[in-house]
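Undergrad: need coordinates for the following:
(3 chains)
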Amino acid sequence: MTDKTEDAIDSLFEAPPMAEQERMVEAVLFASTEPVTVRDLEHRMPHGCDAGQALEHLRSRYEGRGVRVVRVGEAWAMRTAPDLGFLMQKETVETRKLSRAAIETLAIIAYHQPCTRAEIEEIRGVSVSRGTIDQLIEMEWVRLGRRRMTPGRPVTFVVTPVFLDHFGLESARDLPGLKELRAAGLLENRPPPGSMPLADDRSEEDSDDGQPELFEEE
Amino acid sequence: MTDKTEDAIDSLFEAPPMAEQERMVEAVLFASTEPVTVRDLEHRMPHGCDAGQALEHLRSRYEGRGVRVVRVGEAWAMRTAPDLGFLMQKETVETRKLSRAAIETLAIIAYHQPCTRAEIEEIRGVSVSRGTIDQLIEMEWVRLGRRRMTPGRPVTFVVTPVFLDHFGLESARDLPGLKELRAAGLLENRPPPGSMPLADDRSEEDSDDGQPELFEEE
Amino acid sequence: MTDNLFTEDQTSVAERLAAEALIVDVDGFEGPLDVLLTLSRTQKVDLRKISVLELARQYLTFVEKAKELRIELAADYLVMAAWLAFLKSRLLLPPDPSEDGPTGEELAAHLAFQLERLQAMRDAAARLMGQDRLGRDFFARGQSEDVTRIRTVTYSATLLDLMQGYARIRTRDEFRPFVMDRDSVFTMEQALDRMRGLIGFAGSWTDMVSYLPEGWGADPMRRRSATAATFAASLELVKEGHLEIKQSDSFAPIQLRKRPNS
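TA: Okay, the predicted model is just below:
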């Protein structure tokens, strides 16, 4: 309050009310990718703001909440309350790109379901390693369908609701056909986003576990 | 209060008090950059929690603050208040510049969804060039909807939760000016009287296997 | 000829200028509907009250001008011109009760609707882009939580990955010309390898055909490939100085023998 002795020029740029300053500090701490120092806060805020005081207000406002205002070295940050860490386990998911073999296998199942392993191999032109389908099943994107009523009664594979959900589809029949893909420019021979290796990595599969039923349709 | 008639086993797993549930929802939404669905929230919270109610409490608690609780389709997220964007120059992300064609196509899909390619072309009076829809799908602003049950069963396009999140919309019903447009009859699919050179809706008519040969040429 | 013969073309100077500007900028337009929408603005009225007849006239003037200036207009501009000329005649002539199909008024109303709808979508697009936007006006949480975590691995793939993956497989056949069918092909390298091993024994003139690999003589396709490869390999060996080659006449057997001093 002793600051009221500011000169006339400063009063032209009067600082926003403290409640407003508190909002600003809240938003900056929330959106910032790293802890923010008081100096940095004041640098960003309008002239005349008192970030230190705003921080104190904010800190007491969040006391006992699910989120806290904490000091990290010389800077400030917002963190979830430590006692709620158990809720955060889901954030620990690490995502990896699906291999090209898996994508192609998945695509064939999606477009041709119900589809046997031999059919997948015939369409891909290479054998499908057991691990690929197992992985898709484990991810719950693919499950076993009815057995095909042909000699050997082979199992078939179909896609799951989890698959549809992940790819934002209402049904597998909504997948665009070849001509539509072409019309949409999707058949252009360019590296897909996230660039999967364009080099033919089929060998990764071929050597795998020496599928005896390779090309059994022949 | 009528729930107090629950049996003894249920009471062993009594849900935490609402204030505590609110803290949990706060922590989860705070920690996640992506919107979180009510189902996902309840999945993570202890048995018996009412995430919907906790969300309502939380939402009103954050009213007027620097950070807000917003609804994005079926999910919820925390986002900074739009009036404080000026503080966030450092966090601002350059969104990819969209062509005029892409912007108009996006708007048509959003306002007319689910919307076929032929409808987009009829409204814009030109064919949709290669890559336009592709780009919108890649940005995850547009996804495939159900196929239209008309001859040719054309694919349709709809907007995604990522789109809603980006434009700060609770749902597609909150698109700006939607009501006025509808009242003015401008969102109706009015068929042209007789045949018109403008409305090239071959994709609606072609009917082989649902894969119309669409505008191969630019 | 008097001027009033061309009453139809007596448009205001401003309109003429506008039409010229349109033509110069024709590449900037997205098709005839876009041009019509721009032209309709010169009428300075609510799109619902627009005079389609006037608009048709303006558009036809635009196309005529373009022709005068020898500007190549895309086919759809000309299709639109033909259609508008037809519409104009329908609007001007009294309706013929014997004729089927929509009236001029119905067609005009639909065109007006299309223009209004396109304008509305453009306005909507502009409003949409002007909304508060994530990452520009409002922001998500900037920092991921550093709570101790249980690490699980999930695999992700986008719909584009999936569709492109499928497209890649299904269009492999289209790329077949690039992948030679190796079954019936005997390469020059193979022939060369074979010949190098055999020429040591070719002291006297021998028909080249006898050097063809076993099993390649019967099937015509295989024989052709093996002969060509063997011939090419022979020439290569001649060049290297290991072999002599002769043919006594056109289409006579080609004979080979080892070069005496090699």
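
Undergrad: in chain A, where is pLDDT below threshold?
TA: Within chain A, the stretches with pLDDT under 70 are A:1-13, A:89-95, A:182-218.

Undergrad: quick one, strands of it?
TA: Taking DSSP state E as the criterion, chain A carries its strands at A:36-37, A:67-72, A:75-80, A:93-97, A:115-116, A:142-144, A:156-159.

Undergrad: same check, this time on chain C
TA: So, for chain C - with DSSP E - the strands run C:152-156, C:206-207, C:243-247, C:254-258.

Undergrad: tell me which of these sits most buried.
TA: Mean neighbours per residue, mean count of other C-beta atoms under 10 Å in any protein chain shown, is largest over the strands of chain C for strand C:254-258, with a mean of 18. From N, CA and C alone the C-beta is placed, and that goes for glycine too.

Undergrad: I'd say C:Phe186 and C:Gly215 touch.
TA: No - if you go by C-beta atoms under 8 Å, C:Phe186 and C:Gly215 don't touch, sitting 10.4 Å apart.

Undergrad: which residues are common contacts for the two?
TA: Residues touching both C:Phe186 and C:Gly215 (C-beta atoms under 8 Å, 6 or more residues apart in numbering or on different chains) are C:Arg222.

Undergrad: these two - which one has more neighbours?
TA: C:Phe186 (22 against 9; other C-beta atoms under 10 Å in any protein chain shown).

Undergrad: where's that one relative to C:Arg224, distance?
TA: Relative to C:Arg224, C:Phe186 is positioned 9 Å away (criterion: C-beta to C-beta, to the nearest Å).

Undergrad: swap in A:Ile108?
TA: Distance from A:Ile108 to C:Arg224, by C-beta to C-beta: 37 Å.

Undergrad: these two: which has the busier surroundings?
TA: A:Ile108 (23 against 14).

Undergrad: returning to that earlier point: which neighbours do C:Phe186 and C:Arg224 share?
TA: Counting by C-beta under 8 Å, 6+ apart, nothing touches both C:Phe186 and C:Arg224.

Undergrad: quick check: bridge partners of the closest residue to C:Lys246 other than its chain neighbours?
TA: Nearest residue to C:Lys246 in three dimensions, chain neighbours excluded: C:Gln255, at 5.3 Å (C-beta to C-beta, 6 or more residues apart in numbering or on different chains). With DSSP bridges as the criterion, C:Gln255 is bridged to C:Asp207, C:Lys246.

Undergrad: ok, C:Gln255 touching C:Val209?
TA: No - C:Gln255 lies out of contact with C:Val209 (C-beta under 8 Å); the separation is 9.9 Å.

Undergrad: got the residues of the stretch 101-250 of chain C near chain B?
TA: Applying C-beta under 8 Å from any C-beta of the partner chain, we find that the stretch 101-250 of chain C lies next to chain B at C:101-102, C:106-107, C:110, C:113-114, C:116-118, C:120-125, C:127-129, C:131-142, C:144-145, C:147, C:158-160.

Undergrad: please go through chain C and pick out the longest helix.
TA: Assignment by DSSP state H gives helix C:104-129 as the longest helix of chain C.

Undergrad: from the chain's centroid, how far away is it?
TA: 30 Å (C-alpha atoms, centre = their mean, to the nearest Å).

Undergrad: quick one: average pLDDT of it?
TA: On average, the pLDDT along helix C:104-129 is 92.

Undergrad: now do the same contact list for A:Thr116.
TA: Contacts for A:Thr116 (C-beta under 8 Å, 6+ apart) come out as A:148, A:154-157.

Undergrad: who's in contact with the nearest residue to C:Leu22 once chain neighbours are set aside?
TA: Counting by C-beta to C-beta, 6+ apart, C:Leu22 lies nearest to C:Phe62, which is 5.8 Å off, once chain neighbours are set aside. The contact partners of C:Phe62, by C-beta under 8 Å, 6+ apart, come to C:19, C:22-23, C:35, C:39.

Undergrad: what does A:Phe167 give?
TA: Applying C-beta under 8 Å, 6+ apart, the residues contacting A:Phe167 are C:158-159, C:162.

Undergrad: how many neighbours does the closest residue to C:Ser51 other than its chain neighbours have?
TA: Among residues not flanking C:Ser51 along the chain, C:Gln43 sits closest, at 6.5 Å (C-beta to C-beta, 6+ apart). Burial measure for C:Gln43: 15 neighbouring residues, criterion other C-beta under 10 Å.

Undergrad: what's near enough to touch C:Gln43?
TA: C:50-51, C:54-55.

Undergrad: state the pair within those that is farthest apart.
TA: Farthest-apart pair in these is C:Ile50 and C:Glu54; separation 7.8 Å (C-beta to C-beta).
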